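Trainee: got a structure for you, letters missing:
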């Protein structure tokens, strides 16, 4: 079975610019997660979708971050405008409802 | 509250056993996990334990869970240089399958 696909693999932008990340989960996985992993820290949940509905976005900085999962499959995470402290690896994961996670390889964002 | 704590660094000699410890705060955890992350790579699930179990063994890996003390440990027998990585403890909480991660323990294996 194909894994969780993420793109791009790396991105460098200047502060105040915008950026978008894409995630394609494992086929049939209803639940999709976006995690932010800052260097030296563990991953932190930003947003969780079940099908195309949001079930947890309590840690998403909504003034600059947005995410959508149209049609309950692919998802995009956007940052606008980016700040230096947004430099991190953004990990997408998917699971069956209540099942174990499969993580993608992540997108490493550097904001300069 | 939701908090998972780990020691940040562990150094062991090749062939010895490694023990990585973790404490968590949420008593409603259903599953607890150990993930491995190598440099530049994603998170690889190593093993997990259901919250009503005390121990789980999987080849070189042994997981011990003390639910009363909210303490989880991962023992790696016969540690090899390929085991050098960051190990994350995570607890699964809530009805929506949320994972809370610790900050990770960097395991260094030396000859």
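Mentor: Arrived safely. Predicted model only: the values in this text are computed from it and were never measured.
Trainee: quick one, what contacts whichever residue of chain A sits closest to chain B?
Mentor: With Cβ to the nearest Cβ as the measure, residue A:42 is the residue of chain A nearest to chain B, at 3.4 Å. Bear in mind the C-beta positions are built from the backbone N, C-alpha and C, glycine included. By Cβ atoms under 8 Å, 6 or more residues apart in numbering or on different chains, the contact list for residue A:42 reads B:4, B:88, B:90, B:101-104.
Trainee: Most widely separated two among the residues you listed?
Mentor: For these, the maximum inter-member distance is 11.2 Å, found between B:90 and B:103 (Cβ to Cβ).
Trainee: higher neighbour count, the two?
Mentor: Neighbours were counted for residue B:90 and for residue B:103 using other Cβ atoms under 10 Å in any protein chain shown; residue B:90 has more, 26 against 16.
Trainee: Count the neighbours of residue B:4 for me.
Mentor: As a burial measure, residue B:4 scores 23 neighbours (other Cβ under 10 Å).
Trainee: same check, this time on residue A:45
Mentor: 21.
Trainee: excluding its backbone neighbours, what's nearest residue B:52?
Mentor: Spatial nearest neighbour of residue B:52, chain neighbours left out: residue B:67 (8.0 Å); criterion: Cβ to Cβ, 6 or more residues apart in numbering or on different chains.
Trainee: Now do the same contact list for residue A:12.
Mentor: Shown in contact with residue A:12 (Cβ under 8 Å, 6+ apart): A:109-112.
Trainee: Go through those and flag which are in strands.
Mentor: Cross-referencing those against strands under DSSP state E gives A:109-111.
Trainee: Identify the residue nearest the geometric centre of chain A.
Mentor: By Cα atoms, centre = their mean, chain A has its centre lying nearest to residue A:34, at 3.3 Å.
Trainee: re earlier: separation between the residue nearest to residue B:52 and residue A:74?
Mentor: Remark: distance between residue B:67 and residue A:74 (Cβ to Cβ, to the nearest Å) = 39 Å.
Trainee: Same question for residue B:4.
Mentor: As for residue B:4, its distance to residue A:74 is 30 Å (criterion: Cβ to Cβ).
Trainee: Same check on residue B:10?
Mentor: Distance of residue B:10 to residue A:74, computed by Cβ to Cβ: 39 Å.
Trainee: Just list whatever residues bridge to the residue in chain B positioned nearest to chain A.
Mentor: Per Cβ to the nearest Cβ, residue B:101 is where chain B lies closest to chain A, at 3.4 Å. Using DSSP bridges, the beta-bridge partners of residue B:101 come out as residue B:90.
Trainee: repeat for residue A:45
Mentor: Residues in beta-bridge contact with residue A:45 (DSSP bridges): residue A:35.
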